[in-house]
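Undergrad: A predicted structure for the sequence below; I have some questions about it.
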Amino acid sequence: MNPARSTDEVLARLRRLRATDAPTHGGRILSYVYDSGLTEIDELAAAAAALVQPVNGLDPTVFGSVAAMERELIAFCRTVFHGSDAVGSITSGGTESCLLAVLAARDHAAAPPGTGSVVLASTAHAAFDKAAHLLGVRAVRVPVDPDTTRVRPEDVAAALDDDTFLVVVSAPNYPTGALDPVAQVAEVAAAAGIALHVDACLGGFALPWWPETLPAWDFRVPGVSSISADFHKYGYAPKGASVILHSSRERHRAGFFADTDWPGYPVVNPTLLGSRSAAGLAGAWAITEHLGDDGYRALVERVAAASAAVRRTLDDIDGLRVLGDPAGPVLAVIADPASSSPIDPHRWSTAVAEHGFTLQVQPGYRQSDGTLLPPSTHLTFTPVTAAVVDELVAALHAGAEAARGLPPAEAPEALRTLAEAFDSGAVTVADALALPSKAIEAALVGAGIDPHTDPSATAAALDMPAVIAAIESLPRPVTAKMLTEFLAAYSTPPPDARTTAR
């Protein structure tokens with residue numbers, strides 16, 4: 001049995017747990033978190049969430065505050081994304097918004113369940129693969145230009161068929177920060193009578209105020225059917241809050257689930273959830289009310305200044321270069337093939353971490369046309385980056401010198417042996433996918449990737465460049481299964497675990 005604890009004990013324990021997390025404030029981690037640098041923003045969001053803590057977003061006719069905040073956020077987004085007649089819903093995050101975009105497009109097109117396809121670029125977010133998996137439709141990925149990392153309209157056109165009901169473009173994409181040519185792809189989709197979704201989950205609340213002129217990507221572009229954007233990224237709201245906007249009422253309603261054919265209360269859900277917290281909604285609403293247009297513009301100016309400073313730094317580092325043509329608050333760095341002394345970006349990331357900044361490593365990706373998007377390191381810039389940009393620039397330089405001349409990381413020896421078995425045909429993907437959970441766990445442990453590591457030490461214990469090297473060397477379905485096993489085992493207590501006083 002679990003012993004009761006005082007509130008002070010419980011909160012003290014939580015504080016100790018939080019102390020093991022990556023830093024969410026201060027600009028030291030350049031992925032996952034979006035720090036405005038404004039203390040009052042965090043305090044406002046927390047106060048707003050506390051006010052609606054007991055509220056159930058399931059029924060806005062009972063909790064009118066939910067409807068009022070949704071209305072005002074949708075009105076704000078109409079202005080930001082230039083969609084005077086746009087309609088939509090507030091969701092729990094980008095994945096839910098993307099899934100609803102696919103669901104609404106499928107049902108609006110009257111594609112029977114289990115049929116139809118979505119055409120998207122290699123660089124589009126994996127949330128669309130998840131949507132396709134859950135909805136039983138095909139995700140057809142087309143290559144991007146390996147130089148710009150933008151999708152080419154002619155490749156989209158070639159991938160369309162009679163089953164296609166949605167095309168997806170990114171503004172910008174996550175891996176490289178490139179802004180797809182939305183207007184040109186919209187023409188292709190419109191000519192075929194197919195809906196176009198703009199995934200602006202990442203940059204939706206940064207690009208509208210970006211100081212440089214960008215090509216139109218929102219509802220100003222004829223043919224854009226829907227847009228997703230996350231308040232919990234550059235809207236600076238707590239996780240999770242996002243929006244899915246549609247160009248028409250019919251498209252919006254196609255994503256709803258309604259059921260009156262049971263003996264309980266009428267069920268009408270605009271999102272995937274039934275009962276849902278209003279905390280993310282309230283936080284997003286409060287922050288947009290507080291910041292307004294001028295507040296967001298000022299924060300974006302800081303993001304853009306930090307991004308420009310880092311771009312200049314990277315241009316000065318022999319051996320590294322920015323991948324593609326990023327537009328907005330994120331970019332990716334690769335080894336410069338034209339340099340006489342190229343620097344492995346994953347070794348560079350590890351070296352930069354020694355100077356107090358955490359970057360995000362990404363695997364190389366072989367596209368369907370055979371071209372390679374090389375291994376890279378991702379950087380996300382936020383307003384608070386501007387406050388530490390001099391330290392960051394110094395760390396990037398120091399990391400480059402420390403990593404110069406080092407070979408790329410290798411996968412753990414056990415996984416290299418497994419990769420050789422796949423290459424020789426001694427083991428097939430089907431063989432690996434048929435292995436039971438315990439066998440996959442044993443393989444991970446044997447490779448030195450132990451999911452039972454103390455959570456407080458995992459970040460330091462995991463050699464992420466080696467993990468990424470394993471992903472590159474093994475069949476991707478196999479690594480997906482292995483990572484599933486890692487995370488599932490990592491979050492599962494051993495059978496004899498008991499909650500004890502701490």
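TA: Nice, I can see it.
Undergrad: now the nearest residue to residue 138 once chain neighbours are set aside, which residues is it bridged with?
TA: Excluding the flanking residues, the one nearest residue 138 by CB to CB, 6 or more residues apart in numbering is residue 117, at 4.0 Å. Just so you know, the C-beta spots here come from the backbone N, C-alpha and C atoms, and that holds for glycine as well. On the basis of DSSP bridges, residue 117 is bridged to residue 138, residue 164.
Undergrad: so how many other residues sit close to residue 117?
TA: 20 (other CB atoms under 10 Å).
Undergrad: What are the neighbouring residues in contact with it?
TA: Residue 117 makes contact with 137-140, 161, 163-165, according to CB atoms under 8 Å, 6 or more residues apart in numbering.
Undergrad: again, only using 10 Å
TA: Shown in contact with residue 117 (CB atoms under 10 Å, 6 or more residues apart in numbering): 106, 111, 132, 137-140, 159-166.
Undergrad: Residue 74 too?
TA: Residue 74 sits in contact with 83, 86-90, 243, 245, where contact means CB under 10 Å, 6+ apart.
Undergrad: and the helix or strand harbouring residue 133, what other elements does it pack with?
TA: Residue 133 is part of helix 127-135 when elements are defined by DSSP states H and E. Counting contacts by 3 or more CB pairs under 10 Å, 6 or more residues apart in numbering; DSSP states H and E, helix 127-135 packs against helix 94-108, strand 117-121, strand 138-142, strand 164-170, strand 195-199.
Undergrad: which of the contacts of residue 117 lies closest to residue 221?
TA: Nearest to residue 221 out of the contacts of residue 117 is residue 166 (CB to CB; 15.7 Å).
Undergrad: what about residue 159, neighbour count?
TA: Using other CB under 10 Å, residue 159 has 20 neighbouring residues.
Undergrad: Residue 172 versus residue 230, what's the distance?
TA: For residue 230, the distance to residue 172 equals 13 Å [CB to CB, to the nearest Å].
Undergrad: Overlap of the contact sets of these two?
TA: Common neighbours of residue 230 and residue 172 (CB under 10 Å, 6+ apart) are 199-200, 202-203.
Undergrad: Strands of the stretch 351-500 of the chain, start to end?
TA: 360-362, 365-366, 372-373, 376-380 (DSSP state E, counting those that start in this stretch).
Undergrad: And the third one, what does it pack against?
TA: It stands for strand 372-373. When contacts are defined as 3+ CB pairs under 10 Å, 6+ apart, strand 372-373 sits against strand 365-366.
Undergrad: Return the distance of the strand it packs on from the chain's centre.
TA: Strand 365-366 sits 19 Å away from the centroid of its parent chain (CA atoms, centre = their mean, to the nearest Å).
Undergrad: Can you give the contact residues for it?
TA: 122-123, 141, 143-144, 175, 371-376, 471-472, 476.
Undergrad: circling back to that earlier point, out of the strands of the stretch 351-500 of the chain, which is closest to residue 448?
TA: Across the strands of the stretch 351-500 of the chain, residue 448 has its closest neighbour in strand 360-362 (17.3 Å, CB to CB).
Undergrad: Do I have it right that residue 105 meets residue 194?
TA: Yes. When contacts are counted by CB atoms under 10 Å, residue 105 is listed as touching residue 194 (8.6 Å).
Undergrad: Give me the common contacts of those two.
TA: When CB under 10 Å, 6+ apart defines a contact, the residues bordering residue 105 and residue 194 alike are 118, 165-167, 225.
Undergrad: Now which of those residues would you call buried?
TA: Buried residues within the shared contacts of residue 105 and residue 194, counting neighbours by 16 or more other CB atoms under 10 Å: 118, 165-167, 225.
Undergrad: closest to residue 425 among these?
TA: residue 118 (33.2 Å).
Undergrad: So which elements touch the helix or strand hosting residue 46?
TA: Per DSSP H and E, residue 46 falls inside helix 39-51. Contacts defined by 3+ CB pairs under 10 Å, 6+ apart place helix 39-51 against helix 279-316.
Undergrad: list the helices and strands the helix it packs on packs on?
TA: So helix 279-316, by 3+ CB pairs under 10 Å, 6+ apart, packs with helix 39-51, helix 64-80, strand 87-91, strand 242-246, strand 320-322, strand 330-335, strand 376-380, helix 389-403.
Undergrad: Show the average pLDDT along it.
TA: Across helix 279-316, the average pLDDT comes to 96.
Undergrad: Stretch 474-483 too?
TA: Computed over stretch 474-483, the average pLDDT equals 91.
Undergrad: Need the residues that contact the helix holding residue 46.
TA: 24-25, 35-36, 38, 65, 69, 232, 236-238, 241, 277-287, 289-291, 295, 299, 383.
Undergrad: of the residues you listed, buried ones?
TA: 35-36, 38, 65, 69, 232, 236-238, 241, 277-287, 291, 295, 299, 383.
Undergrad: what are the ranges of the helices in the stretch 351-500 of the chain?
TA: 389-403, 413-424, 429-433, 437-446, 458-461, 464-473, 476-490 (DSSP state H, counting those that start in this stretch).
Undergrad: export those to a markdown table and tack on distance to residue 56 and mean neighbour count?
TA: Output for those, formatted as a markdown table (distance: least, CB to CB, whole Å; neighbours: other CB atoms under 10 Å):
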| stretch | distance to residue 56 | mean neighbour count |
| --- | --- | --- |
| helix 389-403 | 43 | 18 |
| helix 413-424 | 46 | 16 |
| helix 429-433 | 40 | 14 |
| helix 437-446 | 36 | 16 |
| helix 458-461 | 35 | 13 |
| helix 464-473 | 40 | 21 |
| helix 476-490 | 30 | 17 |
